[in-house]
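Build me a structure from this.
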Amino acid sequence: MHVVLVEPEIPPNTGNIARTCAATRTHLHLVEPLGFSVSDRYLKRAGVDYWDFVDMQVHPDWQSVVDQLGDPAHWYYFSSHSQKLYTAPQYGPDAVLVFGRESTGLPSYLMERYPDAFYVIPMDSRVRSLNLANSVAIVVYEALRQQNFWLAHE
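Model (predicted):
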(Lines give C-alpha, C1' and ligand atoms only; values in the text may rest on other atoms or scores of the structure.)
Protein backbone atom coordinates (compact mmCIF):
# COMPACT_ATOMS: atom_id res chain seq x y z
CA MET A 1 0.00 0.00 0.00
CA HIS A 2 0.89 3.65 -0.23
CA VAL A 3 0.28 6.55 2.15
CA VAL A 4 0.47 9.99 0.55
CA LEU A 5 0.78 13.05 2.80
CA VAL A 6 0.04 16.26 0.92
CA GLU A 7 2.08 19.11 2.38
CA PRO A 8 2.47 17.79 5.95
CA GLU A 9 3.42 20.45 8.48
CA ILE A 10 4.33 18.81 11.79
CA PRO A 11 7.50 16.69 12.01
CA PRO A 12 6.43 14.42 14.91
CA ASN A 13 3.21 13.50 13.07
CA THR A 14 5.15 12.54 9.96
CA GLY A 15 7.67 10.63 12.05
CA ASN A 16 4.89 8.66 13.73
CA ILE A 17 3.33 7.96 10.34
CA ALA A 18 6.71 6.75 9.09
CA ARG A 19 6.85 4.34 12.03
CA THR A 20 3.38 3.02 11.14
CA CYS A 21 4.51 2.64 7.54
CA ALA A 22 7.61 0.72 8.65
CA ALA A 23 5.51 -1.60 10.82
CA THR A 24 3.09 -2.32 7.97
CA ARG A 25 5.45 -2.26 4.97
CA THR A 26 3.50 0.66 3.56
CA HIS A 27 5.23 3.07 1.19
CA LEU A 28 5.26 6.70 2.36
CA HIS A 29 5.06 9.60 -0.07
CA LEU A 30 5.47 13.22 1.05
CA VAL A 31 4.28 15.97 -1.29
CA GLU A 32 6.09 19.30 -1.02
CA PRO A 33 6.09 21.90 0.26
CA LEU A 34 6.78 20.34 3.63
CA GLY A 35 6.53 22.26 6.89
CA PHE A 36 9.91 20.86 7.94
CA SER A 37 13.13 19.38 6.62
CA VAL A 38 13.33 15.60 6.25
CA SER A 39 16.49 15.86 8.33
CA ASP A 40 14.52 17.50 11.18
CA ARG A 41 15.52 15.98 14.52
CA TYR A 42 11.88 15.85 15.69
CA LEU A 43 10.93 13.92 12.57
CA LYS A 44 13.77 11.48 13.10
CA ARG A 45 13.02 11.14 16.81
CA ALA A 46 9.34 10.32 16.22
CA GLY A 47 10.35 7.60 13.77
CA VAL A 48 12.67 6.16 16.43
CA ASP A 49 15.19 3.75 14.95
CA TYR A 50 12.91 2.41 12.22
CA TRP A 51 13.98 4.73 9.41
CA ASP A 52 15.91 1.92 7.70
CA PHE A 53 12.55 0.12 7.29
CA VAL A 54 10.68 3.08 5.79
CA ASP A 55 10.29 3.30 2.03
CA MET A 56 9.83 7.08 1.81
CA GLN A 57 9.89 9.39 -1.17
CA VAL A 58 9.59 13.15 -1.26
CA HIS A 59 7.79 14.51 -4.32
CA PRO A 60 8.13 18.10 -5.52
CA ASP A 61 4.41 18.33 -6.36
CA TRP A 62 1.14 16.43 -6.77
CA GLN A 63 1.80 15.57 -10.42
CA SER A 64 5.00 13.76 -9.46
CA VAL A 65 3.02 11.37 -7.24
CA VAL A 66 0.42 10.85 -9.98
CA ASP A 67 3.16 10.11 -12.51
CA GLN A 68 4.58 7.43 -10.22
CA LEU A 69 1.44 5.82 -8.79
CA GLY A 70 -1.09 6.10 -11.61
CA ASP A 71 -4.70 7.23 -11.85
CA PRO A 72 -5.68 9.31 -8.79
CA ALA A 73 -9.38 8.70 -9.51
CA HIS A 74 -8.90 5.23 -8.03
CA TRP A 75 -7.22 6.42 -4.84
CA TYR A 76 -8.80 7.00 -1.42
CA TYR A 77 -8.89 10.49 0.09
CA PHE A 78 -9.65 11.25 3.74
CA SER A 79 -11.37 14.36 5.00
CA SER A 80 -13.72 15.45 7.76
CA HIS A 81 -15.86 16.93 4.94
CA SER A 82 -17.07 13.59 3.59
CA GLN A 83 -20.12 11.55 4.56
CA LYS A 84 -18.84 8.13 3.48
CA LEU A 85 -17.14 6.03 6.16
CA TYR A 86 -13.52 4.96 5.80
CA THR A 87 -14.68 1.36 6.27
CA ALA A 88 -16.80 1.45 3.09
CA PRO A 89 -14.13 0.82 0.41
CA GLN A 90 -12.56 -2.54 -0.29
CA TYR A 91 -8.85 -1.72 0.03
CA GLY A 92 -6.47 -3.85 -2.00
CA PRO A 93 -2.75 -4.39 -1.43
CA ASP A 94 -1.92 -1.54 -3.84
CA ALA A 95 -4.32 0.99 -2.29
CA VAL A 96 -3.22 4.63 -2.29
CA LEU A 97 -4.40 6.44 0.87
CA VAL A 98 -4.21 10.25 0.65
CA PHE A 99 -4.20 12.61 3.64
CA GLY A 100 -3.89 16.40 3.84
CA ARG A 101 -1.99 18.85 5.93
CA GLU A 102 -2.72 19.19 9.61
CA SER A 103 -4.08 22.75 9.49
CA THR A 104 -6.26 22.71 6.36
CA GLY A 105 -6.63 19.13 5.15
CA LEU A 106 -6.53 18.26 1.48
CA PRO A 107 -6.59 20.94 -1.21
CA SER A 108 -10.10 21.75 -2.46
CA TYR A 109 -9.17 20.90 -6.07
CA LEU A 110 -8.89 17.23 -5.06
CA MET A 111 -12.41 17.21 -3.57
CA GLU A 112 -13.66 18.92 -6.74
CA ARG A 113 -11.98 16.35 -9.03
CA TYR A 114 -12.64 13.18 -7.00
CA PRO A 115 -15.71 13.79 -4.79
CA ASP A 116 -16.75 10.13 -4.85
CA ALA A 117 -13.35 9.00 -3.55
CA PHE A 118 -13.50 10.91 -0.24
CA TYR A 119 -14.06 9.17 3.09
CA VAL A 120 -14.36 10.20 6.74
CA ILE A 121 -13.34 8.72 10.07
CA PRO A 122 -16.35 9.41 12.31
CA MET A 123 -15.91 11.51 15.42
CA ASP A 124 -17.85 13.72 17.79
CA SER A 125 -19.01 16.84 15.93
CA ARG A 126 -17.47 19.07 18.60
CA VAL A 127 -14.02 17.92 17.44
CA ARG A 128 -12.76 19.42 14.19
CA SER A 129 -10.30 16.65 13.32
CA LEU A 130 -8.22 13.77 14.59
CA ASN A 131 -4.45 13.87 14.80
CA LEU A 132 -3.00 13.10 11.37
CA ALA A 133 -0.82 10.23 12.62
CA ASN A 134 -3.83 8.64 14.33
CA SER A 135 -5.95 9.01 11.21
CA VAL A 136 -3.34 7.33 9.05
CA ALA A 137 -2.98 4.46 11.53
CA ILE A 138 -6.75 3.93 11.69
CA VAL A 139 -7.09 3.69 7.91
CA VAL A 140 -3.94 1.63 7.30
CA TYR A 141 -5.01 -0.93 9.87
CA GLU A 142 -8.53 -1.07 8.45
CA ALA A 143 -7.03 -1.82 5.05
CA LEU A 144 -4.82 -4.51 6.61
CA ARG A 145 -7.81 -5.98 8.46
CA GLN A 146 -9.60 -6.30 5.13
CA GLN A 147 -6.55 -8.14 3.77
CA ASN A 148 -6.56 -10.55 6.73
CA PHE A 149 -3.52 -8.93 8.32
CA TRP A 150 -1.08 -10.51 5.90
CA LEU A 151 1.77 -9.37 8.16
CA ALA A 152 0.76 -11.81 10.90
CA HIS A 153 1.46 -14.70 8.56
CA GLU A 154 5.06 -13.85 7.74
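
could you give the mean pLDDT of stretch 73-83?
The average pLDDT for stretch 73-83 rounds to 94.

For that stretch, buried residues please.
For stretch 73-83, burial by neighbour count (16 or more other CB atoms under 10 Å) applies to 75, 76, 77, 78, 79, 80, 82. Using the backbone N, CA and C atoms, a C-beta is placed for each residue, glycine as well.

Residue 122 contacts residue 84, correct?
No: look at residue 122 against residue 84 with CB atoms under 8 Å: they stay out of range, at 10.6 Å.

Identify each buried residue in the helix or strand containing residue 144, please.
Assessed by DSSP states H and E, residue 144 sits inside helix 132-146. For helix 132-146, burial by neighbour count (16+ other CB under 10 Å) applies to 132, 133, 135, 136, 137, 139, 140, 142, 143, 144.

Strands - which of the buried residues of stretch 73-83 land there?
Counted as lying in strands by DSSP state E, out of these, are 76, 77, 78.

with the residues you listed in mind, which one is nearest to residue 98?
Closest to residue 98 out of these is residue 77 (4.7 Å), distances taken as CB to CB.

thinking again about what came up before, which secondary structure elements does the helix holding residue 144 sit against?
Packing contacts for helix 132-146, counted by 3 or more CB pairs under 8 Å, 6 or more residues apart in numbering; DSSP states H and E, involve strand 2-6, helix 11-24, strand 76-78, strand 96-99.

Now do the longest one and helix 132-146, the angle between them.
Calculated by axes from the mean of the first three to the mean of the last three CA atoms, to 10 degrees, helix 11-24 forms an angle of 20 degrees with helix 132-146.
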